[in-house]
Each structure stands twice: as C-alpha cells, then as structure tokens.
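>>> sequence first, then the predicted structure, then my questions.
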Amino acid sequence: AQSVTQLDSQVPVFEEAPVELRCNYSSSVSVYLFWYVQYPNQGLQLLLKYLSGSTLVESINGFEAEFNKSQTSFHLRKPSVHISDTAEYFCAVSDSSASKIIFGSGTRLSIRP
Amino acid sequence: DTGVSQDPRHKITKRGQNVTFRCDPISEHNRLYWYRQTLGQGPEFLTYFQNEAQLEKSRLLSDRFSAERPKGSFSTLEIQRTEQGDSAMYLCASSLRGLAGKMDTQYFGPGTRLTVL
C-alpha cells in the first residue's frame, strides 16, 4: 500500500521569501510522484511530476521538487514566493500502473505582503 | 473549453434522496477517474474506467454508489439514499493511457460539490 504524508497543514510566509513544503511517501514499489496545486475556487492542476531520470524536477512558475529515494521524500521548494502562489498544494504518489493517485492531506500556503 | 467538465457544479439534496453527477472527459482520453474530497483533506480515489470497463473500485465506494461509462466517453456517478457523510466535492479526472510503461497525466475537472441536508 502507498501513502503520502504532508507534515504541515499550513505554511505562512512573507512575499519574496523562500518556502519549502514537505512531503514524505511510503511504498513498496517504484513510484511516480506529483505535486498538484489548487488555487482558490479552482480545480486541481498538475504542478510538476517525477517519473524517472533526474531527481530534480521543475515547474514553469519557479517551483522545484527533488526526489530523494533514501529519505522517501519529495519536498517542494521555491526561492521567492509571490502573492499569486497562495493556494493549497497536494503531494501525491502513484505506482507504475498509474491506475490511481494517492494524495496527501494538503498544505495551505498563505503569502503575506 | 477542451478540459474536463462536470455537471452540476453544486448539488444540495435531502438525506435519503438519490443524486447523479456527470463527467465529460477530455476528448480522446480513454481513462476516467472519480475521486472524493472532503473538507481539509486530499482527494480520495473512488474508481476508474478504461474505455467503458470499470477496472478498479475503492472500498470507499459502498453499495450505494455506482458509476458507469457506457460508451467509453462521459461517465455518471450515482449515489443512492444519500447520507450526510456523503457531503463532499466529487472530482473527475481523465487521462490518455498510451504506450506501455508511459505515464499518463490525470487532468481534473472543477468538481461537483454535494451537500446533504
């Protein structure tokens, strides 16, 4: 069975400050890892994903996540956040069959001006 | 708009009533998924289809829940004899399962928010 743990339910940061949203997973098989974002009153959107290859993956809006197999982590980072990054972020895992995605409970990122 | 669409966006019903939701996937996507999201939680997998075949159902999907995808295009999710605990956001996603071993990205719809009074 697979599971995802997001340790922080809320992360408040000041605008232009760096942020890290933590994610740990457990799985007995090879996994695919994802970060999804849900902006206020909008649907879930894929932010970035790790399938294989380079352990560092990047999104188009400046976020990056690093797959760490030994620590079973996939933390999301951004060196400088903007007000528009205010959203709920979900870490997720899937096995190679990609039949379903297991989501964490989410981290609400709030940006203070 | 060529994304995943869901109808209705909101549904308020009384306990004991039946409700049906519809999901239209992205055109040509052969996989369709249903998830449920309760307040403060991440989405939980309910079931998925590949074309018209329902390939997996979660234990969360009690006998009161049924999903169909009769022609391999749109899907419906029906909840019979609704209970207050069914109040949640019901999300639909679709993907294109292609070559073996190639990961397919799931694209989510806006969801249907169900409130059971």
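Done, it's in.

>>> ok, residue B:11 - contacts?
Residue B:11 makes contact with B:19, B:21, B:112-115, according to C-beta atoms under 8 Å, 6 or more residues apart in numbering or on different chains. For glycine as for every other residue, the C-beta is placed from the backbone atoms N, C-alpha and C.

>>> next, name the residue at the spatial heart of chain B.
residue B:34 (2.8 Å; C-alpha atoms, centre = their mean).

>>> identify the bridge partners of it.
residue B:47, residue B:92 (DSSP bridges).

>>> on that earlier part again, what is the most widely separated pair among the contacts of residue B:11?
Greatest spacing in the contacts of residue B:11, by C-beta to C-beta: B:21 and B:115 (13.0 Å).

>>> burial measure for the residue in chain A that chain B sits nearest to, as a count.
The nearest approach of chain A to chain B comes at residue A:103, 3.2 Å away (C-beta to the nearest C-beta). Residues lying near residue A:103 (other C-beta atoms under 10 Å in any protein chain shown) number 22.

>>> that older thread, dump the contacts of residue B:11 to CSV, plus distance to chain A, neighbour count and secondary structure.
Converted to CSV, the contacts of residue B:11 look like this (distance: C-beta to the nearest C-beta, whole Å; neighbours: other C-beta atoms under 10 Å in any protein chain shown; DSSP: H, G, I helix; E, B strand; the rest coil):
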residue, distance to chain A, neighbour count, secondary structure
B:19, 20, 18, strand
B:21, 15, 21, strand
B:112, 11, 22, strand
B:113, 11, 16, strand
B:114, 16, 21, strand
B:115, 16, 13, strand
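
>>> between those, which is nearest residue A:40?
Nearest to residue A:40 among these, with distances taken as C-beta to C-beta, is residue B:113, at 14.1 Å.

>>> pretty sure the closest one is touching residue B:86, no?
No. Counting by C-beta atoms under 8 Å, residue B:113 does not reach residue B:86; the two are 11.6 Å apart.

>>> check which helices and strands the lowest-mean-pLDDT helix or strand in chain A is in contact with.
Across the helices and strands of chain A, mean confidence by mean pLDDT, DSSP states H and E is lowest for strand A:56-58: a mean of 90. Under the contact definition 3 or more C-beta pairs under 8 Å, 6 or more residues apart in numbering or on different chains; DSSP states H and E, strand A:56-58 sits against strand A:44-50, strand A:64-68.

>>> list the buried residues for it?
Buried residues in strand A:56-58, counted by 16 or more other C-beta atoms under 10 Å in any protein chain shown: residue A:57.

>>> and it, which strands flank it?
Its sheet considered, strand A:56-58 pairs with strand A:64-68 (antiparallel) by DSSP bridges.

>>> taking strand A:44-50 as reference, get the angle to the strand it pairs with.
Interaxial angle, strand A:64-68 versus strand A:44-50 (axes from the mean of the first three to the mean of the last three C-alpha atoms, to 10 degrees): 50 degrees.

>>> and the residue nearest to the centre of chain B, how close does it get to residue A:33?
For residue B:34, the distance to residue A:33 (C-beta to C-beta, to the nearest Å) stands at 22 Å.
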